[in-house]
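Student: Have a look at this fold, sequence not included:
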């Protein structure tokens, strides 16, 4: 039997992927722990993920594994073919950890949400407040900034305050209130709840919106909403103009293209999404009551 106090005997988790993937891993581990509280793991230290996974009831220890340790990765995209239904990323992760699928796709944040009144007080709130998260860890999931500029102009005509979140190095979208570089993953998750709606690409914010029950319009290009998106969100999926032979973000093909811009330039699939179509989806979703699954 595994002994959670013995690092050599307990299975070590090597977290691989982005923060959105980490929220899915956290959800799967919570499902597993709720089913059997004796199932606990050690976590290999990764600075980017401690803010999400620290304090998780299924994690006994965070640190560095001994040479004899049994290690399991979370790179579900290499394990099975991705797709809809039981081939969604969350479902594959669940099977990797021994759960029978399908399971409820319930994300989990250990320790709960962390409010930050100081951060909230910086924002000049209006009657209608929209948060945008234009960037992703992969440039191929990003719509061109000029289209975001146009969308923000449309939203400002509606009288909305538009707040941008992301990394300090991200391109600032014109006429948005910038919180670039000012948030941690935890206080950003909490902040999302304060907004009427989120507009984002396929990134951490998309998963975080599902976690807290925030309305979201999500923009999709090389990845597919049926694999990663959530049913209460509005998804704008752009058809891919590239040929099947082009290696974009194909599963099991490594990361050769993940960190590189699309070579199609202005024909990049994400840039085929119309700001007017996004604006129309926002108007519909603001008026719609959303049931969170």
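Tutor: Sure, I can see it. Quantities reported herein were computed from a predicted structural model and do not represent experimental measurements.

Student: For the rest of this, base every contact and every neighbour count on C-alpha atoms.
Tutor: Will do.

Student: Now residue 26: closest residue in space that isn't a chain neighbour?
Tutor: residue 108 (5.6 Å; CA to CA, 6 or more residues apart in numbering).

Student: Please tell me how far that neighbour sits from residue 214.
Tutor: From residue 108 across to residue 214, the span is 15 Å (CA to CA, to the nearest Å).

Student: and the residue nearest to residue 26, how many neighbours?
Tutor: 23 (other CA atoms under 10 Å).

Student: Just give the closest residue to residue 45, not the sequence neighbours.
Tutor: Leaving aside its sequence neighbours, residue 45 sits nearest to residue 63 (CA to CA, 6+ apart; 5.0 Å).

Student: how near is the one you found to residue 14?
Tutor: 11 Å.

Student: now swap in residue 186 and tell me
Tutor: Separation of residue 186 from residue 14 (CA to CA) stands at 21 Å.

Student: do residue 233 as well
Tutor: Using CA to CA, we find residue 233 at a distance of 30 Å from residue 14.

Student: ok, back up a step: what is the burial count for the residue nearest to residue 45?
Tutor: Quick note: residue 63 (other CA under 10 Å) scores 12 neighbours.

Student: list the contacts for it?
Tutor: Each residue near residue 63 by CA atoms under 8 Å, 6 or more residues apart in numbering is listed here: 42, 43, 44, 45.

Student: Below-threshold pLDDT in the stretch 151-293 of the chain: ranges please.
Tutor: Low-confidence segments of the stretch 151-293 of the chain, defined by pLDDT under 70, are located at 244-247, 250-255, 287-293.

Student: and the closest residue in space to residue 160 that isn't next to it in sequence, how far is that from residue 198?
Tutor: In space, and not counting its chain neighbours, residue 160 is closest to residue 128: 4.9 Å by CA to CA, 6+ apart. Using CA to CA, residue 128 is found at 12 Å from residue 198.

Student: Between those two, which has more neighbouring residues?
Tutor: The neighbour comparison of residue 128 against residue 198 (other CA under 10 Å) goes to residue 198, with 26 against 16.

Student: Across the sheet, point out what pairs with the more buried one.
Tutor: Per DSSP bridges, the residues bridged to residue 198 are residue 131, residue 216.

Student: mind listing what it touches?
Tutor: Going by CA under 8 Å, 6+ apart, residue 198 touches 130, 131, 132, 133, 192, 209, 214, 215, 216, 217.

Student: wait, which of those residues is closest to residue 25?
Tutor: residue 209 (16.2 Å; CA to CA).

Student: So that closest one sits against residue 189, correct?
Tutor: Yes - using CA atoms under 8 Å, residue 209 is in contact with residue 189, at 7.5 Å.

Student: what packs against the top helix by length along the chain?
Tutor: Counting by DSSP state H, the longest helix found in the chain is helix 19-35. Judged by 3 or more CA pairs under 8 Å, 6 or more residues apart in numbering; DSSP states H and E, the packing partners of helix 19-35 are helix 47-53, helix 89-96, helix 204-212.

Student: Reformat these as a markdown table; add distance to residue 138.
Tutor: Output for those, formatted as a markdown table (distance: least, CA to CA, whole Å):
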| stretch | distance to residue 138 |
| --- | --- |
| helix 47-53 | 16 |
| helix 89-96 | 17 |
| helix 204-212 | 12 |
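
Student: what's the helix or strand following the longest helix of the chain in contact with?
Tutor: Proceeding N to C from helix 19-35, the next assigned helix or strand is strand 41-44, under DSSP states H and E. Here strand 41-44 makes contact (CA under 8 Å, 6+ apart) with 4, 7, 10-15, 58-65.

Student: neighbour-wise, which of those leads?
Tutor: Counting neighbours by other CA under 10 Å, residue 12 leads those with 26 neighbours.

Student: and it, backbone torsions?
Tutor: Per-residue torsions, residue 12: phi -100, psi 140 (degrees, to the nearest 10).

Student: Which strand residues bridge it?
Tutor: Applying DSSP bridges, one finds that residue 12 bridges with residue 42, residue 71.
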